[in-house]
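> quick one, structure for this:
(one chain, ligands or ions: 1)
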Amino acid sequence: MRHLLSTRDLDRDTAVGILDVAADMADVATREVKKLPTLRGKTVVNLFFEDSTRTRVSFEVAAKRLSADVINFSAKGSSISKGESLKDTAQTLAAMGADAVVIRHGSSGAPRVLADSGWIDAGIVNAGDGTHEHPTQALLDAFTMRRRLHGNAARGKDLNGLRVTIVGDVLHSRVARSNVWLLGALGASVRIVAPATLLPMGIEEWPVEVGYDLDEAMDAGPDVVMMLRIQAERMSAAFFPTAREYSRQWGLDDERAARLPAGSIVMHPGPMNRGLEISAGAADSARSVVLEQVANGVSIRMAVLYLLLSGTGEVGA
Ligand code: CP
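The predicted structure is shown next:
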């Protein structure tokens, strides 16, 4: 693997291979010494043009657990805020010897531009680009689902037969897009539930079933309910009448969460708008795996950095 830009690029076997390497990395996290020497001498740059807590910190933890050097570089407080271009920034990082660049950018396609540019000879990892994709989020979500489905016997397995319902602001969600492509490759069936105003153009071409009624979707008994954050920062218009109305019709409240079948799980990529798309009761319930998702993010990001930088070039090697 040279870059990780999109889950659309991943076929079933490649995706399962990444999840298997992540399972090995999760085993390392249970040891007294959680560090591997694998990436000693390599440099990972976290280049974040948008805010992040989970993704940035977990890439840093992942790189350090693999003994890489880490440079955290955010647009705020750097020469980017003085108008420096992506090209000049990339060439500066190249001159400093970056082996991998983990990039989050507000523009869809920015990681692809970096990967195709020739400005820098480093592995590029998309840590979220505009409303396009967030591949490591989808991988950690799939890893979390696979562990719940198959437990300790998960290695080599996909998500065939799993029924996943994704709810909310699909229009602005890179998490939803990456999940739809990856879950499809792994054999899960996906239902999307949202107000019509928060569905993207062309959704009829996605490999999903679309609905508008959350209660109907809950009564269908999904294995996984993934609530999406309302991305107010990307909204230039009113997409629903009021927050209260949204919460009443499309929010996962305590009553809806209680109706889910035994064994089903509630996911959210974070950060959560408690009281809007998810109630505090549902977010903190026994069904919620939100913190498990965060912990699994470190294992997935270790696997991705390992596969990009260890020189094996092979998934599972
Ligand atoms: N899920 C996610 O991308 O969270 P952060 O914005 O905190 O990185």
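> CA only for contacts and neighbour counts going forward, please
Noted.
> just give me the residue right at the centre of the chain.
The centroid of the chain falls nearest to residue 137 when counting by C-alpha atoms, centre = their mean (1.1 Å).
> isn't it right up against residue 176?
No. Counting by C-alpha atoms under 8 Å, residue 137 does not reach residue 176; the two are 9.6 Å apart.
> do I have it right that residue 212 meets residue 198?
No. Taking contacts as C-alpha under 8 Å, residue 212 lies outside contact range of residue 198: 10.4 Å.
> in a strand, residue 33, correct?
No. Going by DSSP: H, G, I helix; E, B strand; the rest coil, the assignment for residue 33 is coil, not a strand.
> ok, it to the ligand distance?
For residue 33, the distance to the ligand equals 26 Å [C-alpha to the nearest ligand atom, to the nearest Å].
> repeat that for residue 217.
According to C-alpha to the nearest ligand atom, residue 217 and the ligand sit 24 Å apart.
> hang on, residue 112 is in a strand, isn't it?
No. Counting by three-state DSSP, residue 112 falls outside a strand, being helix.
> neighbours of it, how many?
Neighbourhood size, residue 112 [other C-alpha atoms under 10 Å]: 17.
> for the closest residue to it other than its chain neighbours, give me its contacts.
In space, and not counting its chain neighbours, residue 112 is closest to residue 5: 6.5 Å by C-alpha to C-alpha, 6 or more residues apart in numbering. Contacts were defined as C-alpha atoms under 8 Å, 6 or more residues apart in numbering; by that measure residue 5 touches 111-112, 124-126, 133, 135.
> residue of the stretch 151-300 of the chain nearest the ligand, please.
residue 269 (4.3 Å; C-alpha to the nearest ligand atom).
> check what pLDDT the residue nearest to residue 112 gets.
Model confidence at residue 5, given as pLDDT, is 98.
> residue 232 too?
81.
> what count of nearby residues applies to it?
Residue 232 has 12 nearby residues by other C-alpha under 10 Å.
> can you list phi and psi of it for me?
For residue 232, the backbone dihedrals are phi -60, psi -30 (criterion: degrees, to the nearest 10).
> ok, and what's touching the helix or strand encompassing residue 225?
In this assignment (DSSP states H and E), residue 225 forms part of strand 224-227. Outside strand 224-227, the residues that touch it by C-alpha under 8 Å, 6+ apart are 145, 162-168, 252, 264-269, 277-278.
> tell me how far the helix or strand just after that strand is from the chain's mean position?
Next helix or strand after strand 224-227 toward the C-terminus (DSSP H and E): helix 243-250. Relative to its chain's centre, helix 243-250 lies at 25 Å (C-alpha atoms, centre = their mean, to the nearest Å).
> show me what helix 243-250 is in contact with.
Where contact means C-alpha under 8 Å, 6+ apart, the residues beyond helix 243-250 that reach it are 167-168, 194-195, 213-214, 240, 253, 275-278.
> and with 10 Å instead?
167-169, 193-195, 212-215, 227, 230, 239-240, 242, 251, 253, 274-279 (C-alpha atoms under 10 Å, 6 or more residues apart in numbering).
> give me the buried subset of the residues you listed.
Buried subset of the contacts of helix 243-250 (neighbour count, 16 or more other C-alpha atoms under 10 Å): 167-169, 193-195, 212, 214, 227, 230, 251, 253, 274-279.
> now, which of these lie within strands?
167, 193, 227 (DSSP state E).
> contacting residues around the first one?
If I follow you right, that is residue 167. 176, 191-195, 211-214, 217, 225-229, 250-252, 268, 277.
> can you list the buried residues in the lengthiest helix in the chain?
Longest helix of the chain, by residue count under DSSP state H: helix 290-309. Going by neighbour count (16+ other C-alpha under 10 Å), the buried part of helix 290-309 is 290, 293-309.
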